[in-house]
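[1] Predicted structure and sequence below. I'll ask about it afterward.
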Amino acid sequence: MAKKKLNIGMVGYGFMGRTHSNAFAQAQHFFDLNYEPVLKAACARNEEKLKPFAAQWGYESIETDWRKLIARKDIDLVDIASPNDTHMEIAIAAAKAGKMVMCEKPLGRNAKESKKMVDAVAKAGVANMVWYNYRRVPAVTLAKQLIDEGKLGKIFHYRAKFLQDWTISADLPQGGQGLWRLDVGVAGSGVTGDLLAHCIDTAMWLNGSIDSVTAATETFIKKRKHSLTGKVEPVGIDDASLFLARFANGSLANFEATRYARGHKALYTFEINGEHASIFWDLHDLHRLQYFDHGDEGRTRGWRSLHITDGDHPYMAKWWVPGLQIGYEHTFIHQAADFIDSLGKRKPASPTFKDAYATDLVTDAVLKSAKSGRWERPKT
Ligand SMILES: NC(=O)c1ccc[n+]([C@@H]2O[C@H](COP(=O)([O-])OP(=O)(O)OC[C@H]3O[C@@H](n4cnc5c(N)ncnc54)[C@H](O)[C@@H]3O)[C@@H](O)[C@H]2O)c1
């Protein structure tokens, strides 16, 4: 029997527009889905650039205004892969039109925007999800399983870093494709909302909610030329952001993100220390999980490097044969497959808008603490 179609309207053809298009195109080849994802329409303002993107990825049509995309009866799911300042307006309009909504992270430019988005999808009763894709690295999902099974015991420490080095040059402008991340009006914040948001989402998924934070941020380059206005303008984003946190389970944490760590392109790592065992994960080695089990026999006890490629590892039975690893793009394929699989089920696939709102409450508290110099609580 032919499967019911899930018609997708993709907003944005940039970095994430490509990862999501690939995810929806591939998911049905590897996962048994109840719906057939169809790349129905690609949407962006620049028709000249949009056309070759749509042709390359096999979209059936294009739209240059997201309002027209949302108004179309043949679109079931609106997927928002455009900059942060567009998320709220598009998501709320899509929900009001009864569309399912998937949205890139951070959900809003701040928690106030996110809350409006959470309310809109709740009121409309539409399926929703946010692309915090690192949860679906098989090694990270395995870490979640080990923690939930109690293998680590009581958790004492959580340590996360996300380091990059691409904005060190003072000549780099702010604003425009990719560089919108340096424009606070578009991005909402700097590395706090861009990089730490990933670390916080993973951390709260693995280790529960965050009670309070104390932070320091810095903007190393105070003025940059704006690509769109041509004028030198103040830089409003945080270039680096560090914070300490107390989790509700009593564990202590430190988080660090920067775009000024020369030599690091996308070094996302986390380490968790529990009573019985510890875990370490590194995005540059994403198919491995480092695991130390204090219960091992003393003479051979040590850090094990687990190669997460076996059929009994999360998601891996769907891929190749044991020993052959998968990569970054697969995290998005897993997320698309999980979202489609959740449709019509009682339990929505996480992270939902509500889960992502919780992350935005923490990033807001981090930015607030960096200003106040005090411990702050993520508050609604
Ligand atoms: N999950 C992740 O790991 C991850 C990684 C990178 C980016 N992101 C998020 O994805 C989003 C997009 O980032 P990116 O790196 O793909 O940016 P990008 O600059 O590469 O692409 C943005 C796209 O949005 C389009 N766009 C901008 N304004 C629009 C509008 N009004 N209507 C329609 N289209 C519009 C642009 O034409 C472009 O195609 C951001 O929210 C970002 O934070 C997430």
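    Okay, I see it.

[2] Helix, strand, or coil at Q290?
    The three-state label given to Q290 by DSSP: H, G, I helix; E, B strand; the rest coil is strand.

[3] thought it was touching L306?
    Yes - taking contacts as Cβ atoms under 8 Å, Q290 lies within contact range of L306: 7.5 Å. Using the backbone N, CA and C atoms, a C-beta is placed for each residue, glycine as well.

[4] Show me what the mean pLDDT comes to for stretch 308-317.
    The pLDDT scores in stretch 308-317 average 98.

[5] Please point out which parts of it sit buried.
    Residues of stretch 308-317 classed as buried by neighbour count (16 or more other Cβ atoms under 10 Å): 308-309, 313-316.

[6] quick one: which of the residues you listed sit in strands?
    Among the buried residues of stretch 308-317, no residue falls in strands (DSSP state E).

[7] Show me which residues of the stretch 1-150 of the chain sit near the ligand.
    Within the stretch 1-150 of the chain, the positions adjacent to the ligand are 11-17, 43-46, 66, 81-84, 86, 104-105, 131, 133 by Cβ under 6 Å from any ligand atom.

[8] at 8 Å instead, please
    Counting by Cβ under 8 Å from any ligand atom, the residues of the stretch 1-150 of the chain close to the ligand are 11-19, 43-46, 49-50, 53, 65-66, 80-84, 86-87, 90, 103-106, 131-134.

[9] repeat for the stretch 151-300 of the chain
    Residues of the stretch 151-300 of the chain found near the ligand (Cβ under 8 Å from any ligand atom) are 177-181, 187, 193-194, 198.

[10] By neighbours, which of those wins?
    G193 (31 neighbours; other Cβ atoms under 10 Å).

[11] Report the secondary structure element holding the nearest residue to that residue once chain neighbours are set aside.
    Residue nearest to G193 in three dimensions, not counting chain neighbours: P106, with 4.5 Å by Cβ to Cβ, 6 or more residues apart in numbering. Assessed by DSSP states H and E, P106 sits outside every helix and strand.

[12] can you tell me which residues contact P106?
    Residues near P106 by Cβ atoms under 8 Å, 6 or more residues apart in numbering: 84, 114, 188, 193-194, 197, 356, 359-360, 363.

[13] got the residue ranges for the strands in the stretch 201-350 of the chain?
    Remark: strands assigned in the stretch 201-350 of the chain by DSSP state E, counting those that start in this stretch are 210-218, 223-225, 232-234, 240-247, 252-258, 267-274, 277-282, 288-293, 303-307.

[14] ok, and what's touching the third one?
    Residues outside strand 232-234 that contact it (Cβ under 8 Å, 6+ apart): 174, 222-226.

[15] which parts of it are buried?
    Judged by neighbour count using 16+ other Cβ under 10 Å, the buried positions of strand 232-234 are E233.

[16] what about it, average pLDDT?
    What strand 232-234 shows for mean pLDDT is 97.

[17] partners of that strand in the sheet?
    Here strand 232-234 is paired, per DSSP bridges, with strand 223-225 (antiparallel).

[18] re earlier: out of the contacts of P106, who's nearest F30?
    Proximity of these to F30 (Cβ to Cβ) peaks at A356, which lies at 25.6 Å.

[19] Please name the bridge partners of N128.
    In this entry, N128 is beta-bridged to V101, by DSSP bridges.

[20] Now do the same contact list for it.
    Here N128 is in contact with 91, 95, 100-103, 121, 348, 352-353 (criterion: Cβ under 8 Å, 6+ apart).

[21] Next one: it from S342, what distance?
    Noted for N128: a distance of 11 Å to S342, by Cβ to Cβ, to the nearest Å.

[22] picking that back up, inside strands: which ones of the residues of the stretch 151-300 of the chain next to the ligand?
    Going by DSSP E, the strands hold none of those.

[23] which of those residues lies closest to A23?
    Lowest distance from A23 to these (Cβ to Cβ) belongs to H198, with 17.0 Å.

[24] how about the nearest residue to that closest one, chain neighbours excluded?
    Residue nearest to H198 in three dimensions, not counting chain neighbours: Y134, with 5.7 Å by Cβ to Cβ, 6+ apart.

[25] contacting residues for the residue of the stretch 251-380 of the chain found nearest the ligand?
    Here the stretch 251-380 of the chain gets closest to the ligand at one residue, F332, 7.8 Å apart by Cβ to the nearest ligand atom. Counting by Cβ under 8 Å, 6+ apart, F332 makes contact with 19-20, 22-23, 131, 133, 136.

[26] Got the domain ranges for this structure?
    If you go by automatic domain parsing, the domain ranges for the chain are 4-133, 136-372.

[27] Could you give the average pLDDT over stretch 67-87?
    What stretch 67-87 shows for mean pLDDT is 98.

[28] buried sites along stretch 329-344?
    The neighbour-count check on stretch 329-344 (16+ other Cβ under 10 Å) flags 330-343 as buried.

[29] and which of the contacts of N128 is nearest the ligand?
    Checking those against the ligand by Cβ to the nearest ligand atom gives C103 as the nearest, at 8.0 Å.

[30] Which residue is the nearest non-sequential neighbour of that closest one?
    Of all residues not flanking C103 in the chain, I80 sits nearest, at 4.3 Å (Cβ to Cβ, 6+ apart).

[31] same question, I308
    Per Cβ to Cβ, 6+ apart, closest to I308 is A139, 4.4 Å.

[32] and the two most separated of the contacts of strand 232-234?
    K222 and H226 (13.6 Å).

[33] More neighbours: the two, which one.
    H226 (19 against 10).

[34] can you pull the contacts of the more buried one?
    173-175, 183, 232-233.

[35] I appreciate the help and will end here.
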